[in-house]
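Novice: Take this sequence and fold it.
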Amino acid sequence: MTGAWRHLLRALHLKTLSRWTPKTCSSLNAGAFWTSVTRRGLHTKPSMPPCDFTPERYQSLAYSRVLEIHKQHLSPVLTAYFPEPLLLHQGHMEWLFDHEGNRYLDFFSGIVTVSVGHCHPKVNAAAQRQLGRLWHTSSVFFHPLIHEYAEKLSALLPEPLKVIFLVNSGSEANDLAMLMARAHSNSTDIISFRGAYHGCSPYTLGLTNVGIYKMDLPHGMGCRPTMCPDIFRGPWGGSHCRDSPVQTIRKCSCAPDCCQAKDQYIEQFKDTLSTSVAKSIAGFFAEPIQVQTGFGRLGSHFWGFQTHDVLPDIVTMAKGIGNGFPMAAVVTTPEIAKSLTKRLLHFNTFGGNPMACAIGSAVLEVIKEENLQENSQEVGTYMLLKLAKLRDEFEIVGDVRGKGLMIGIEMVKDKVSHQPLPREEVNQIHHDCKCMGLLIGRGGLFSQTFRIAPSMCITKPEADFAVEVFRSALIQHMKRRAK
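Specialist: As a prediction, this is how the structure comes out:
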C-alpha cells in the first residue's frame, strides 16, 4: 500500500473499483532441528499458546486412502501445500487440528477467508438455526434474510454505493463487475495492475496478471496490464512512500508527507493510456493492497479503498464475507445497476440464499460486537513491528509490508540484488514453520512472499508465537545455507 498508489488514482480520477506434536513432519528430523538450534545458543523451542478446545477423534478415511482418491478422482493441478499435504479434521477459532490430533495456529485463514475464526459459536448458531428452517430458495421468491443482510451491508458503505448483487465467489463477483463496467460505459478495455490476482474464470483471467495463471488459450479479451506502484521492487519510491507502520528499507528523496514517486507512476500510467488501450476504457480494477482486503482487516478502516480516500464506482467482495461459506457480492451505484438491467436479465440461482445471508449477517455482527477491526489494528501493528526486526536481523528477509492483519514478508537472496529466494529454499522455511505448528500462506510472482492473514480474533501472545516460530525457521535455514 503506497502513497503513490493513492495519488495515481486521485490524479487520474479513476475508481477502484484470517494439541501440537512434531510427528507429522516425517520429512524433517525435528529432533535434529532443535538440537542444532539450541546448540548454537540462538533460540529455544517456541512454546505454543494454550487452547481450551479438544477436537473430536478422527474416524474417517485413512491418510493413504485420501491420497489415493485425490490422485484418481480430483483435479490433477498441483495446489496442495507441503510434500505431505495436511489432512485437516476440525477447526476452532484461530486453531486447526489434523487427522492425528496435531494442533496448528492458522495464520492464513483458508486463503484470507476465515475472518472471525473457524466455527465461531455465533456464526455456527446462525447457520444451524437457518439449516432447520429453510436451506434454499432462489431470488424469484423473497425471504427476509436477504433483505436484512442487504440493509446491514449497505449501511457500511458510503453513498452512492447502495445496490447489492449477491453471488457465490470472488471470481464470479469480478466477472459481474467487468460486465457492469462494460455495459455502463459502452467500452471494452479494462486495466488492472501487474501482479494482480482477480480470479481464474475465463473472464477474470484477463485481469489476473501473474504468469503462472496465464494460458495459451483465448481468455479475458480486452484486459490490459499497467505497472503497480511497488516501492520495494519498482523503479520509484522508498522509505517515505508507504501507508503502513513499517516502511521499506530502500531510501528515497521523498518527504514524509509528499511522495514524489507518485509523479513517475502517474506518467507511466498515462503511457499505458496512450499506447495500450482504446480512447475510452470501461474501467480500472485495483486492490488497495495487492491481495484480498476489507471487512475491517486493515484496522484503520472497514474498507481498503477508504485508506486511499478513493470512492469507487463498483466494489467486489468475497473471502471473509461468509467466514468460509461460499458467498460474494458486488456493490455499485443505482445508475450503474440500472445500466446493467437495460442490457440483460441477470440471475443467480444460489446468490443470496438463506443460509448464506444468515451466515453473512452473523459475521458482520461478530466483527462489530467483538471489536475485531480494532483488534486487527492493535495486534496487526504489534506483529508488523516485530516482523520488521526480523527483516533487520536476516539478510534473506527483503521486505515486511502490510497494514492491520494483512501482512507480507518477501524473501530474497540478499538485500542488494532483491533477487527472489529460490523456491526450494522458501519451501523449506514454509515447511519448518508448519512443523512447529504455524500455518502461513504463499504469494508473489515467484511464490517468494509469505502471506500472513490470521483470523481477526488473534491475540498478542499468539502473534509472539508466530514471530518466534518464523525466526526459528530462519535460523535453521541460515544454518543449512552455511553448510
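Novice: What helix or strand is the nearest residue to R129 once chain neighbours are set aside located in?
Specialist: Taking C-beta to C-beta, 6 or more residues apart in numbering, and ignoring the residues beside it in sequence, R129 has A358 as its nearest neighbour in space, at 7.2 Å. C-beta coordinates here come from the backbone N, C-alpha and C atoms, glycine included. A358 is part of helix 354-369 when elements are defined by DSSP states H and E.
Novice: can you give me the helices in the protein?
Specialist: With DSSP state H as the definition, the chain shows helices at residue ranges 3-12, 30-39, 63-73, 109-112, 121-131, 144-155, 170-185, 261-275, 334-341, 354-369, 372-393, 423-435, 460-482.
Novice: okay, now the domains of the chain?
Specialist: With domains defined by automatic domain parsing, the chain comprises 3-16+123-369, 22-107+371-482.
Novice: and those domains as CSV, adding mean neighbour count, mean pLDDT and distance to V114?
Specialist: Formatted as CSV, the domains of the chain follow (neighbours: other C-beta atoms under 10 Å; pLDDT from 0 to 100; distance: least, C-beta to C-beta, whole Å):
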stretch, mean neighbour count, mean pLDDT, distance to V114
domain 3-16+123-369, 19, 90, 5
domain 22-107+371-482, 18, 90, 5
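Novice: which stretch among the ones you listed comes nearest S115?
Specialist: Taking C-beta to C-beta, domain 3-16+123-369 is the member of the domains of the chain nearest to S115, at 3.2 Å.
Novice: chain center to that closest one: distance?
Specialist: Its chain's C-alpha centre lies 12 Å from the corresponding centre of domain 3-16+123-369 when counted by C-alpha atoms, centre = their mean, to the nearest Å.
Novice: For stretch 356-367, list the C-alpha coordinates in PDB.
Specialist: In PDB, the C-alpha atoms belonging to stretch 356-367 read as follows (Å, rounded to 0.1, in the frame of the first residue of the first chain):
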ATOM      1  CA  ALA A 356     -25.500 -17.500   3.000                       C
ATOM      2  CA  CYS A 357     -27.400 -14.500   4.300                       C
ATOM      3  CA  ALA A 358     -27.800 -15.800   7.800                       C
ATOM      4  CA  ILE A 359     -24.100 -16.500   8.000                       C
ATOM      5  CA  GLY A 360     -23.100 -13.200   6.400                       C
ATOM      6  CA  SER A 361     -25.300 -11.300   8.900                       C
ATOM      7  CA  ALA A 362     -23.700 -13.200  11.800                       C
ATOM      8  CA  VAL A 363     -20.200 -12.400  10.500                       C
ATOM      9  CA  LEU A 364     -21.000  -8.600  10.400                       C
ATOM     10  CA  GLU A 365     -22.400  -8.800  13.900                       C
ATOM     11  CA  VAL A 366     -19.400 -10.600  15.300                       C
ATOM     12  CA  ILE A 367     -16.900  -8.100  13.800                       C
END
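Novice: Tell me which residues are up against that stretch.
Specialist: Outside stretch 356-367, the residues within contact range by C-beta atoms under 8 Å, 6 or more residues apart in numbering are 115-116, 120, 122-123, 125-127, 129-130, 143, 145-146, 148-149, 152-153, 156, 166, 295-296, 320-323, 325-327, 350, 372-373, 456.
Novice: Please repeat the previous calculation with a cut-off of 6 Å.
Specialist: Here stretch 356-367 makes contact (C-beta atoms under 6 Å, 6 or more residues apart in numbering) with 116, 122-123, 126-127, 130, 145-146, 149, 152, 296, 322-323, 325, 327.
Novice: Next: stretch 179-198.
Specialist: 174, 204, 207-210, 222-228, 277-278, 280-285, 290, 336, 339-340, 343.
Novice: what does stretch 82-93 give?
Specialist: 27, 53, 55, 58, 63, 66, 96-99, 117-119, 431, 457.
Novice: Just the CA atoms of that stretch, as CSV, please.
Specialist: Below are the C-alpha coordinates for stretch 82-93, written out as CSV (Å, rounded to 0.1, in the frame of the first residue of the first chain):
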residue,chain,number,x,y,z
PHE,A,82,3.8,-29.3,1.6
PRO,A,83,5.3,-32.6,0.3
GLU,A,84,2.9,-34.4,2.7
PRO,A,85,-0.3,-32.4,2.4
LEU,A,86,-2.1,-31.7,5.7
LEU,A,87,-5.3,-33.7,6.2
LEU,A,88,-7.4,-31.3,8.3
HIS,A,89,-10.1,-32.6,10.6
GLN,A,90,-11.5,-29.8,12.8
GLY,A,91,-11.2,-26.1,13.4
HIS,A,92,-11.8,-23.8,16.4
MET,A,93,-11.3,-20.1,16.1
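Novice: Distance from it to the middle of the chain?
Specialist: Average the C-alpha atoms of stretch 82-93, do the same for its chain, and the two points are 19 Å apart (C-alpha atoms, centre = their mean).
Novice: Confirm for me that I458 is in contact with D106.
Specialist: No. With contact defined as C-beta atoms under 6 Å, I458 does not reach D106; the gap is 9.3 Å.
Novice: Could you name every residue contacting both of the two?
Specialist: E94.
Novice: about what we covered before: to V310, which of the helices of the chain lies closest?
Specialist: Closest of the helices of the chain to V310 is helix 3-12, at 5.0 Å (criterion: C-beta to C-beta).
Novice: hang on, the earlier thing: now, among the contacts of stretch 356-367, which is nearest to V379?
Specialist: Closest approach to V379 among those (C-beta to C-beta): G296, at 12.4 Å.
Novice: and the gap between the residue lying closest to the closest one once chain neighbours are set aside and V112?
Specialist: For G296, the nearest residue in space outside its immediate sequence neighbours is Q373; the separation is 3.2 Å by C-beta to C-beta, 6+ apart. For Q373, the distance to V112 (C-beta to C-beta, to the nearest Å) stands at 15 Å.
Novice: What of Y149?
Specialist: Using C-beta to C-beta, one gets 21 Å for the distance from Y149 to V112.
Novice: Surely M327 and G320 touch.
Specialist: No. Using C-beta under 6 Å, M327 makes no contact with G320, being 9.7 Å away.
Novice: Distance check, Y203 against A328.
Specialist: When distance is defined by C-beta to C-beta, Y203 is 14 Å away from A328.
Novice: and what of V77?
Specialist: Between V77 and A328 the computed distance is 22 Å (C-beta to C-beta).
Novice: cool, N174 as well?
Specialist: Shown here: N174 relative to A328, a distance of 9 Å by C-beta to C-beta.
Novice: measure P158 to F285 for me?
Specialist: Using C-beta to C-beta, which is the criterion applied here, P158 is 19 Å from F285.
Novice: Torsion angles phi and psi at D414?
Specialist: When quoted as degrees, to the nearest 10, the phi and psi of D414 stand at phi -160, psi 160.
Novice: Who are the contact partners of it?
Specialist: The neighbourhood of D414, defined by C-beta under 6 Å, 6+ apart, consists of E395.
Novice: just to revisit the earlier point, so the helix holding A358 versus helix 121-131, what angle?
Specialist: In terms of direction (axes from the mean of the first three to the mean of the last three C-alpha atoms, to 10 degrees), helix 354-369 departs from helix 121-131 by 160 degrees.
Novice: Start and end of stretch 178-196, how far apart?
Specialist: Taking C-alpha to C-alpha, to the nearest Å, stretch 178-196 runs 15 Å from one end to the other.
Novice: quick one: the residue nearest in space to the middle of the chain and G322, what's the gap?
Specialist: What sits nearest the mean C-alpha location of the chain, by C-alpha atoms, centre = their mean, is Q292, with 3.9 Å. Computed with C-beta to C-beta, the distance linking Q292 and G322 is 13 Å.
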